[in-house]
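Undergrad: prediction below, plus the sequence it came from.
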Amino acid sequence: MKWAWVENGQIRDFCAGDPSDLFHPDVAVFYDTVIDDDVGRGWRLVDGEWTAPPVPEPIEYIPPPPTPMSIDEVERLRRIAYATEADHLFFSWQAAVAEDAPDQDAKRLAWKAKREEIQARHPYPS
């Protein structure tokens, strides 16, 4: 058995058990209505019957627009990407140049392509 605190025909709160055992007497006096176990907070008494509150419509979440990065943040991300993704290609190209290797142009193009990819991935704010 549950006891409810009803205000203006709507359940404000409820408790399982005797309210006088659970609350101070000044509060327990408000829990004066016996309700079924399937009735809960927000239900309304309409024509002698308890009715559930309407199910709210789901709200589509629209995330806020991303905060643009500062130039310092973009440059920090580029430095990390250059060090981990492009520097070894640069050194490979430089070694090919020093050795006059036939694939030095291909290595230079691979390094330049990786730098352009990093720059496109981390553009400067406009």
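TA: Received it, and whenever you're ready, just let me know what you need.
Undergrad: sec struct for the residue sitting furthest away from the middle of the chain, please.
TA: Largest separation from the mean C-alpha position in the chain: D100, at 53.7 Å (Cα atoms, centre = their mean). For D100, the assignment made with DSSP: H, G, I helix; E, B strand; the rest coil gives coil.
Undergrad: check V34 too.
TA: Applying three-state DSSP: V34 is strand.
Undergrad: P125 too?
TA: Classification of P125 using three-state DSSP returns coil.
Undergrad: could you do W3 as well?
TA: strand.
Undergrad: what sits opposite it in the beta ladder?
TA: W3 forms beta bridges with C15, V34, as assigned by DSSP bridges.
Undergrad: contacting residues for the residue farthest from the centre of the chain?
TA: Contact analysis of D100 by Cβ atoms under 8 Å, 6 or more residues apart in numbering lists nothing. All C-beta spots, glycine's among them, are computed from the backbone N, C-alpha and C.
Undergrad: so what does the closest residue to A96 other than its chain neighbours look like in phi/psi?
TA: In this structure, A96 finds its nearest non-sequential neighbour in Q104, 3.8 Å apart by Cβ to Cβ, 6 or more residues apart in numbering. Phi and psi for Q104, reported as degrees, to the nearest 10, are phi -60, psi -30.
Undergrad: which parts of the protein are strands?
TA: Using DSSP state E, the strands of the chain run over 2-7, 10-16, 31-35, 44-46, 49-51.
Undergrad: most packed of those strands?
TA: strand 2-7 (a mean of 19; mean count of other Cβ atoms under 10 Å).
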